[in-house]
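Asks: sequence below, structure please.
(3 chains)
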Amino acid sequence: MNAPGPDTTLVDTLIDCREAARTYGRGENAVVAVHGATCQVRSGDRIAIMGPSGSGKSTLLHLMAGLERPTSGKIGWPALGRPATARDIGVVFQSPSLIPALDVVENAALPLVLSGTSESEARRRALSALDAVGVADLADKLPEELSGGQAQRVAVARVLALRPRVVLADEPTGALDRATGRHVVDVLLDTAAELGAALVVTTHDSTVGERLTERWPMHEGRLVATAPAPAASGPRTAPRARPNATRGETSETRGETS
Amino acid sequence: MTTTSTAAARADGATALDATELYRFFRTGEEETLALRGVSLHVQRGETVAVVGPSGSGKSTLLACLAGLDEPAGGSVHVGGERISHRPEAQRARLRARRIGVLLQSGNLIAHLDVRENIRLAQAAAGRRRGAASDIAALLDGVGLRGRAHALPHELAGGELARAGLAVALANDPDVLLADEPTGELDGRTERRVLDLLKSRADAGRGVLVVTHNTEVVGFADRVLVLRDGRIQP
Amino acid sequence: MIITWLSGLVRRRSGRLLAAALGISLAVALVAALGSFLTASKSTMTDRAVRSVAVGWQVQVQPGAKPASVLHTVRSAPGTRTALPVGFAHSTGFHARTGGSTQSTGPGVVLGLPPGYRTAFPGEIRQLTGSASGVLIAQQTAANLHVAPGDTVTIGRPGGGPAHVKVAGVVDLPQADSLFQKVGAPPQTQPTAPPDNVILLPAAQFTRTTAPIKAADPAAVTTQIHVARDARLPADPAAAYTAVTGAAHNTEARTAGGGLVGDNLGAALDSARQDALYAQILFLFLGVPGAVLAALLTAAVAGAGADRRRREQALLRTRGLGLRQIAGLAVTEAAAVGVTGGLLGLGIAAGVGRAAFGTASFGSTATSAVGWFALALLLGLVIAAVAVLVPAVRDLRQGTVAEARRVVGRAGTPRWMKFYPDLLLLALSYFVFRASSSNNYSLVLAPEGVPTISVSYWAFLGPALLWLGSALLLWRLVTLTLAHGRRPLARLVRPLTGTLAGTTAASLSRQRRPLARAVVLLALALSFAVSTASFNSTYRQQAEVDARLTNGADVTVTESPGSHAGPSAAHPLAAIPGVRHVEPLQHRFAYVGADLQDLYGVRPSTITSATSLQNAYFSGGSAKSLMSKLATRPDSLLVSEETVKDFQLAPGDTLKLRLQDARTKTFHTVPFHYAGVVKEFPTAPRDSFFVANAGYIAKTTGSNAVGTFLVDTGGGNQKAVATRLRHQLGTTAKVTDITQTRSAVGSSLTSVDLSGLTRIELAFAVLLAAGAGGIVLALGLAERRRTFAIATVLGATRRQMKGLVFSEAAVLTAAGLAGGALIGWALTQMLVKVLTGVFDPPPDTVAVPWPYLALTLTAALAAIVGAALSGVRRSSRPAVEELREL
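Replies: Take a look at the predicted model:
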């Protein structure tokens, strides 16, 4: 799973972006957030999308998650089906994204319940996920009673409970102090390892980027082809290095869901 | 009495901010927590001081007390030689308006006013005459937002929002700028830029105090104080 | 600074400002409309009262005074338009010989009319047949004497021989009661009925004819000066009354005892001012809650932005704005909202006025309309201040910015609940209600000898406390249910939410504070609609009952006294098109002891097919049971309460009445059994009377003569049927229809026609109910946009979002409807009891206007569903954008 060769099978490609672009607004006010981005995410990938604020990395992440539609180009999830369901892709947001009227365990269980799991089962899995990220003792708290780091860990537990095949995290450490941030990255990496899921993180913090195997620099809405990363992950540090992937976008093939 | 006389002695113009023996309690239900346990610190004019500490160490409470937003249970705070603690709110407000600039991690702008209107509001609070359009332009230039004067807060990107907040915080030309995690959500380049702006503030003879956990910020400060469990570590 | 702030608000928060302004506009429009309508209807009451009297004053020239000098004084009094002397003389009786037989009447009255009298006082004399000038004879007298124009009548003169006059025309004297009043006598000593026998002579002939009478007894011929007034009267009946009575006293003083003023105008205005007070009570009872409700709605709208406002205030304080400056900003906002809402409200009011009455000012004078509009505008500003300004200033009072910034923690029990104000208010309401609805209680106070009357405002307290108390109780119940009933709640919402039920219930439970507030607001609005509408329709029902009670039936044919028409005379009447049923009702007189009372003989089995008998008319049994008692035991007798008391009657007692036998013309004793009490009966007078079985009376008196025919037209066409009947019957009988009676009840509230007031109120109640349901839910959903966005991002399907939103809507609707129906029911019961004085007779049952309530319900539901659907649609907006904006 973590030895993807140049002729990786279709099934292994979880996310496939083809010249995917996103523009906000119209006419004179139009702002291009992402210029046609072409990239792929495969099982076992640990990717950091690096760039300054406003470089479009969050938008790219949202496109990958299927939360926004590209204004041009295409995005497919060859191994996940189309469109990707929230069950397969777990997202950790930059801003606090817990529902204020639900307590911690209910928040963590929510995606499972939404995808049809019974409430008791969802609760059980949420509790074990909270335990895994070390916040089980907060289960009965309300979001407003949590600190920023705690809230972010709960958000990670929410993804973990879902057992998705891709974890996307948008600036997960942005609002945290260094120690807390490091811990959250630890939890993300552990989670991805345990689930066997791909992990994509956007960050402007190079110390976070260094902890992942691939770094995709992004600048003014463009993925920049850079020199190969120090990590030994084959020749595909630059996303454009995979031009001949199949048009998986039309494929209905699903990987086995966990 | 001794603390007051020390403060008075320092009120010679060299000290921008002076806090002595600050105590602050919080009561949540039956629990009582001590957020500040005798914090003393001072910021000289032309100096940049960073206060670092893990989350929950009392940083935000300290900042609120220093800015006259919160009232310490014990101790005193002087800004530019004037006492701001233990005074009626109206007087504290006047001191805040004239002498203090506050930059928060987020929520620095009134949502229904554009950038320029936000700055104008802060200037009006400080009692400045309207029509200082050149001032506003200069402020916006300073933070690199010249073209965004008429943008509403929700139309700004994260970095722009932080810089706009800084412009508003500086609108009253304060003696001391208090910044709470000002670069928390910024990327390296924007962060650098904001820090440079803070630095130039200090160079202009004002005091700057930054509360942060960011090492970059720590590196740029003249002096670093570590806050842990409501105390400044020696 | 203020301009910057305000222009920012106006440009970028227009929706919220407008919503608050709309709430205010409702309150303003309601008050402006109702107030203008109130003034307009008050002035209508005055107009009607003035128009209802044919002769404003009747100045009785006192013995010894010179008529000419009194006449001169009265003529020169300010406000006198015309003053004419009318002669009064008593005759021993009238006789006429027609068709070979001679008819005689008892003592009669001869009037002397000066030239121009009928033009000056057109309402006093109504021409029936013959010439309008010359000798006129009253219709009843003509019937008694069997004379027609051209016949000769002999006038018996005390102290002189008979005089012969030739009848030129037959007339009716519609206002005989006041015409023949004993001027200056207190009401108790006034004659019970006007004289039956009246002849009117031209003044010259009168002087000639009555000269012998005068010679024998100068006091037997008197002069009254009839006055038509044209002084401008205030529009308000109470003020008009004061002005008129003052002028009357003044005139009496000027004549220096030579004249006594019979103030017909004052008497009419006196009853009008009481009616005006009742109208005012209704205005307060019905208008104030509406305005309060609109204010609450505004507060809810304004309160929805509380979190943001607190954040903004904290930021402003951080920037060094003083409390006063921040308060200044809040004042600006409140003023903007208040003025916008106020002007909008006045526009709505003017529009409603134009739609309902054709004028913007509801028919009232421009100045009073301006007054009310100004008052309403002021009210709008006050509401804005309370709803927008007060919370802002309250937040500011928190000592430090840090405290202000802190978010409110877990939703505990609201503090007020610990003090049980709800139960306290309800208990208080009960006691006030008991006290105010006890015996001898009257809503309008008219103390003896005091010229002003006033309203007992205590009466308002009961319903007001009930409204408040039950609203708070509902609040408590909803809060407790949501807090502790999570499990049943989950079961309830499961059909809507499926597997999400538990989560939804948890979320609803934690949002119990805003949800309970919304439920209470909806319930208050609905209860307002329910109680207002039920009260109004009960009122209308009773007004109809009153008219029916007075007139007897749709159309009533009253035979002339002495007519012997039997029940068979009903057949030709029944043949007239439009007549459904004709019910004969005997009218006799009977002596009980020395007291002469009216006796009505009914056919118990068919009486209700022409008129309605309410249970409230009787005591000691329902209308139905007492009628069947009359049927099964024909000698049963229903008597008045007074008679029961006077004769110490117990059910089953024998009561002997003396009735006139038609064959012997003598009175003989007929035994009856006391069977029950009758308080009111169609066509019967207010005071004592009997009701018995017609068959039994016919048998015991040897005559089946019918006094009155009650004609049922099926509830419509009364006027046309009455005209046809009149045409057929000529002058032999008097025909009245219910529409005539309705307006003849004078300037009473019935005729003021509450329908204007009702229409305005009911329209506002619908708006308020819809607004409460829709706006409150929409605001709640808007506050949770972030929650919905997060849920969408986490994979909630549209269906699941719908479930979430509609669960909330369902809880709001169910609790709001149940609460509103209950509170509305209780309030209606209390209102009807407290306002008993308005009802005459008091109602058996409260009339519930189901179609209107259905309309209100539909409007509220439509608003709720609309808000919910728009909530769902909003939640399907790109969630990420939503998240970023928030």
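Asks: okay, residue 148: pLDDT?
Replies: All of this is about chain A. pLDDT for A:G148: 74.
Asks: sorry, should have said chain C
Replies: C:A148 carries a pLDDT score of 86 in this model.
Asks: how close does C:D546 sit to C:M801?
Replies: Separation of C:D546 from C:M801 (Cβ to Cβ, to the nearest Å) stands at 56 Å. In short, each C-beta sits where N, CA and C put it, glycine included.
Asks: separation between the nearest residue to B:R231 once chain neighbours are set aside and B:L69?
Replies: Leaving aside its sequence neighbours, B:R231 sits nearest to B:R37 (Cβ to Cβ, 6 or more residues apart in numbering or on different chains; 5.3 Å). B:R37 sits at a distance of 19 Å from B:L69 (criterion: Cβ to Cβ).
Asks: looking at these two, which one has more neighbours?
Replies: The neighbour count for B:R37 versus B:L69, taken as other Cβ atoms under 10 Å in any protein chain shown, is higher for B:L69 (24 against 16).
Asks: isn't there a strand covering that one?
Replies: No - per DSSP: H, G, I helix; E, B strand; the rest coil, B:L69 lies outside any strand segment and is coil.
Asks: that one touches C:R317, doesn't it?
Replies: Yes - the criterion here is Cβ atoms under 8 Å, and B:L69 meets it with C:R317 at 7.2 Å.
Asks: tell me the contacts of the residue in the stretch 51-200 of chain C positioned nearest to chain B?
Replies: When scored by Cβ to the nearest Cβ, the stretch 51-200 of chain C has C:R51 as its residue closest to chain B, at 59.6 Å. By Cβ atoms under 8 Å, 6 or more residues apart in numbering or on different chains, the contact set of C:R51 is empty.
Asks: can you show me the strands along the stretch 51-200 of chain C?
Replies: Remark: strands assigned in the stretch 51-200 of chain C by DSSP state E, counting those that start in this stretch are C:57-61, C:80-91, C:93-98, C:101-104, C:108-113, C:126-130, C:135-138, C:152-156, C:163-172, C:198-202.
Asks: OK, contacts around the residue nearest the centre of chain B?
Replies: Closest residue to the average C-alpha location of chain B: B:L178 at 1.4 Å, with Cα atoms, centre = their mean. Residues in contact with B:L178 (Cβ under 8 Å, 6+ apart) are B:L63, B:L66, B:A67, B:I100, B:G101, B:V102, B:L103, B:L209, B:V211.
Asks: next, it: secondary structure please.
Replies: Quick answer, by three-state DSSP: B:L178 is strand.
Asks: can you check the pLDDT for it?
Replies: For B:L178, pLDDT reads 92.
Asks: same check, this time on A:A169
Replies: Note for A:A169: predicted pLDDT of 90.
Asks: phi and psi next, for it.
Replies: phi -130, psi 120 (degrees, to the nearest 10).
Asks: tell me how far the residue nearest to B:R231 lies from B:R24.
Replies: Taking Cβ to Cβ as the measure, B:R37 falls 9 Å from B:R24.
Asks: now swap in C:A623 and tell me
Replies: 79 Å.
Asks: which one's more surrounded, these two?
Replies: For C:A623 versus B:R24, neighbours defined as other Cβ under 10 Å are more numerous around B:R24 (23 against 19).
Asks: just grab the bridge partners of the more buried one for me.
Replies: When assigned by DSSP bridges, B:R24 has beta-bridge partners B:L36.
Asks: could you do B:H42 as well?
Replies: Assigned bridge partners for B:H42, using DSSP bridges, are B:D18.
Asks: verify the stated contact: it with B:A14.
Replies: No - applying Cβ under 8 Å, one finds B:H42 not in contact with B:A14, separated by 9.6 Å.
Asks: ok, now which ones touch residue 162?
Replies: Just going to use chain A. Applying Cβ under 8 Å, 6+ apart, the residues near A:L162 are A:A86, A:R87, A:G90, A:P111, A:L112, A:S115.
Asks: right idea, wrong chain: chain C
Replies: Contacts of C:P162 (Cβ under 8 Å, 6+ apart): C:H95, C:T154, C:I155, C:G156.
Asks: by contact count, what packs against the helix or strand where C:G601 lies?
Replies: Here C:G601 is covered by strand C:595-602, with elements defined by DSSP states H and E. If contacts are counted by 3 or more Cβ pairs under 8 Å, 6 or more residues apart in numbering or on different chains; DSSP states H and E, strand C:595-602 sits against strand C:581-592, strand C:689-693, helix C:694-701.
Asks: in a markdown table, list those along with distance to C:N197.
Replies: As requested, the helices and strands packed on strand C:595-602 are exported to a markdown table (distance: least, Cβ to Cβ, whole Å):
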| stretch | distance to C:N197 |
| --- | --- |
| strand C:581-592 | 18 |
| strand C:689-693 | 24 |
| helix C:694-701 | 25 |
